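Student: pasting a predicted model and its sequence here:
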Amino acid sequence: MSAPLGYLTAAGNRAHTILPLTWFTLAISIAVCVVIALCLLGALRRGGLRRWPVDMRTVPVARGGAGLRWIGIGVALSAIPLLAILVWTMQALAAAGPLRGRAALTVDVTARQWWWEVRYDADTPAQTFLTANEIHIPVGRPVRVRLHGGDVIHSFWVPQLSGKTDAIPGRTNDTWLQADQPGRYGGQCSEYCGAQHAHMGLEVVADPPAAFEAWRTAQLRPAPAPTSAALMHGAAVVEYRCGACHELRGTQAGALAGPDLTHLASRARIAAGVLPNNAGALAEWIQYAQRVKPGTLMPDQNLDGADLSDVVAYLGTLR
Amino acid sequence: MKAADMRVPEVGTATPELRRRLDEIWKTGPGIAGFLGTVDHKKIGIRYIVTAFAFLLLGGIEALLMRLQLIGPDLKLLTPDQYNVLFSTHGMTMIFLYAAPILSGFSNYLFPLLLGNRDMAFPRLNALSYWIYLAAGIFLYVGFLTGHGPNDGWFNYVPYSERDFNPGLNQDFYSLGMVLLGISTTVGAANFIVTLLRMRAPGMSINRLPIMTWGTLTASAANLVVVPSVSLAFLLLWLDRQFGTQFFRSAGGGQPLLWQHLFWLFGHPWVYAIVLPAMGMVSDGLPVFCRRPLVGYSLVALSTVATMILGFGVWVHHMFATGLPGLGLSFFSAASIVITFPSAVAVFAWLATIWTGRPVVTTAFLYFSSMILMFVIGGVSGVMTASVPVDWQLTDTYFVVAHIHYVLIGINLFPVLGAAHFWFPKMTGRFMDERLGKWSFWLVFAGFNIAFLPMHLTGLLGMPRRIYTYGPEMHWTALNTITTCGSFILALGILLFLVNVLRSRRHGRVAPANPWDASTLEWSVSSPPPEYNFAVIPTVASRHPLWEDRLQEEQATSSLDRGMLLDRGKEVVTTTPLDAEPDLILEMPGDTTAPFWLTVGLSLLFIGLLLRVVSLAAGGGVLTALAILVWLWPRRALREREPAHG
């Protein structure tokens, strides 16, 4: 099953702990339903069904049959799988619960309507940077994710790596991820959070350690300087228009209301997963954000043709 | 007590003369005053049922609109805001305006008939409970129809419902409407409890109660305890919104999680409150068609109570992903698994009843027996969500949506539809059409399972709940298309049921007093019952008064034709809570429009609060106070008398 958000496939430590228990409870559930269905059918056949209309008084009323034994045996039998589920649950809870031991990396994720702000903190400010909606982690290492609620409650969920943890304003919730294999793992907000709850995706990218370090080094750099007149014009428009809400490190654009755009072009998707990151989609998003994602805080920009193409070209250079 | 207040009630048999006299005493007055003033529990019960069914239809239409939006990927039939208001209103409607009130309706109609008495303990409170329910329903739907429906799901998490993110009147309608509805639930619950404990026929001791009354007693007790929690939560939310208090706002030191605790402290017991009486319907109805008493009566009655007690200790299983400490999670996980046991008792009792019985297949039987399987499916998926780590994946996906629908449709709607077929002859004096009934049953059964069984898989494939659309790359399209088709089949079944009700009410085959040859007291009176229910108060000697001739091992003989006459006024007998020894003769209050005017006053008060119009709120408050004054004005006729025992 290749559903991007399906959790019947696991690709990370915690998901691996949970998945067998999910299969176990699912199998028991199905077995119980089948057994009960068979009992029900058996009971109906055994009694010899009488079809309405019948004169009810002609069907004798009587007690009899070892009915109580049904309850005793049935409840006793139910206890076995329930006890097994309980024990396994406690064990899995300990294994998939809070991270024991040191995390290789800590990422601060602030959930906002309707995108994810991602902060890679470090001891020195120069090593700290912001990005959005795409979280890179080194493969095979436990990564601690500190969740903050930026406005309303959201829930952080990357099914193939781990279960859900809510991001709640006023408190910090801890979760952790560890991916087995390099790859891209889809995630999604899973607590209803308003108009665009449906379009609040994220992606976790698990990189081999060297690739991860390279990515981090690249992200620490300021936005690349424009190299042509058209790009310079694009950069100016971006600073003036986009800078009201967005940050591009190394430029005048320094607002934090929207996602950090310093290395926008390094990300695979835009608008929290709604669109792929290419020139056409960028232009659509900039001009018609309200049509693509009605209710988003990003207003339609109504740029004229030349401005738009320069802006899109400039954003495309932000690797 | 003064000797003058003592009285030995006359004992006799029902004569036409007695019936005529009782009719005169108990009948509802004519005209609009009679309509607004009636305190007849049967009329109020039917009003409840009709109103709740109307809300079921509204909630169903909302669901169909959502299903059309989700039939394929990236559809734009509804805007995100419309979709969000629809799913919130659908939840509010089904859970608060249909599922509980429909059971109140049946219980209201049936309680005195099942218990062998002439009325509920507080007939006027009963009328008030209905009027406020109606007013709250209208209040909430006025919000919806003027574009201010709830938009944060039925459990309405803060801070999204706070003014900062939700500036419209939507949440004010929802908050105040829920507080208003809470008054109805609370007074109704108090009435059921007192009625059950004090208003039974002599001899109907606590171990002879029909299981449905056990369910309603338990649910009502729970409601009295937990409804204050949700009313408080909504009041605090409204204060946050209107007066800048900071109960739930983290910026001002409030706690968003406080809302979740207050809500689920109510919300989970409420789930049991809307299924236990319905399970009781099955426990009482199924044996009639299996031609034998319920297997394990005492165990089923005790497990009903046990479910509710355990039900107070599981609310945190709605909050496993909120980052609570592991110890708490373990406790609530274990409690949620343990609560399966009392449910298992009921399931096996029903199975054994069919197994050891001689089933007669009527539409009601089909609903009651198929419900067992729906219950088990909803139950096992509940166990899955009780396992914390599994729930971290399942929660807030369509798996949970499938689960809640198996619980609510399987354990509430199926029994209710069965109960409608079962008690329709009692209520109207006519049978529902069985052919049409079976057609509608199979449509409901097939449609429901086509819609909701595949939805478990939709959830396992990761579809989050409450999203207004999805992309084609998510692999959810086929499953959603199937679900939408199933939902329309289900709707067609409900439509056929409605047609059947409307047609049978006028043209159905005429039903005798006991059309199913059932065993409990309501079947000993004519169909439909007279306004006074029982011409003479029966004396009960067993759990199955109408089957005593055939259940030979019960030597008991209930006295149905001969008993207290109580014909000097609108009189009923009260009995002791456990053994049902006759205790007092009560003169019951007559028709009055005070509950109606109280409701009008309260509604004006709430509209005034909603719109922040002080004069309107004050006027409503004065009218409320006046109605209470008239209501409570002491009257000599209503004093109590004590009968001699024996």
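Tutor: Done, it's in. Numbering: from 1, shown residues only, chains lettered A, B, ... in the order given.
Student: what sits up against the worst-scoring helix or strand of chain A on mean pLDDT?
Tutor: Here the helix or strand of chain A ranked lowest by mean pLDDT, DSSP states H and E is strand A:50-51, holding a mean of 86. Identification of contacts with strand A:50-51 by C-beta atoms under 8 Å, 6 or more residues apart in numbering or on different chains yields A:59, B:358-361. Yep, even glycine has a C-beta here, placed from its N, CA and C like the rest.
Student: could you rerun that using 6 Å?
Tutor: Contact with strand A:50-51 is made by B:360-361, as judged by C-beta atoms under 6 Å, 6 or more residues apart in numbering or on different chains.
Student: and what of stretch A:284-300?
Tutor: In contact with stretch A:284-300 (C-beta under 6 Å, 6+ apart) are residues A:195-196, A:199, A:270-271, A:274-275, A:301, B:80.
Student: go with 7 Å
Tutor: By C-beta atoms under 7 Å, 6 or more residues apart in numbering or on different chains, the list of residues contacting stretch A:284-300 from outside reads A:113-114, A:195-196, A:199, A:258, A:270-271, A:274-275, A:301-303, A:308, A:311, B:79-81.
Student: check stretch B:439-453 too.
Tutor: Contacts of stretch B:439-453 (C-beta under 7 Å, 6+ apart): B:363, B:366-367, B:370, B:402, B:405-406, B:409, B:417, B:482-483, B:485-487, B:489-490, B:492-494, B:496-497, B:500.
Student: write out the residues of the stretch 201-319 of chain A neighbouring chain B.
Tutor: Neighbours of chain B within the stretch 201-319 of chain A, by C-beta under 7 Å from any C-beta of the partner chain: A:294-295.
Student: strands along the stretch 201-319 of chain A, start to end?
Tutor: Using DSSP state E, counting those that start in this stretch, the strands found in the stretch 201-319 of chain A span residues A:201-207, A:269-270, A:275-276.
Student: can I get these in a markdown table including mean neighbour count?
Tutor: Formatted as a markdown table, the strands of the stretch 201-319 of chain A follow (neighbours: other C-beta atoms under 10 Å in any protein chain shown):
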| stretch | mean neighbour count |
| --- | --- |
| strand A:201-207 | 22 |
| strand A:269-270 | 22 |
| strand A:275-276 | 14 |
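Student: B:Met319 is nearest to which of those?
Tutor: strand A:201-207 (22.5 Å; C-beta to C-beta).
Student: JSON lines for the strands of the stretch 201-319 of chain A, including mean pLDDT?
Tutor: Shown next, in JSON lines, are the strands of the stretch 201-319 of chain A (pLDDT from 0 to 100):
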{"stretch": "strand A:201-207", "mean pLDDT": "97"}
{"stretch": "strand A:269-270", "mean pLDDT": "96"}
{"stretch": "strand A:275-276", "mean pLDDT": "96"}
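Student: A:Leu220 is nearest to which of those strands?
Tutor: Taking the strands of the stretch 201-319 of chain A one by one with C-beta to C-beta, strand A:201-207 is closest: 15.4 Å.
Student: state the pLDDT value of B:Glu554.
Tutor: Per-residue pLDDT puts B:Glu554 at 60.
Student: cool, A:His263 as well?
Tutor: At A:His263, the model reports a pLDDT of 97.
Student: count residues in the vicinity of it, would you?
Tutor: 24 (other C-beta atoms under 10 Å in any protein chain shown).
Student: give me the residue from the stretch 501-646 of chain B nearest chain A.
Tutor: B:Asp517 (3.6 Å; C-beta to the nearest C-beta).
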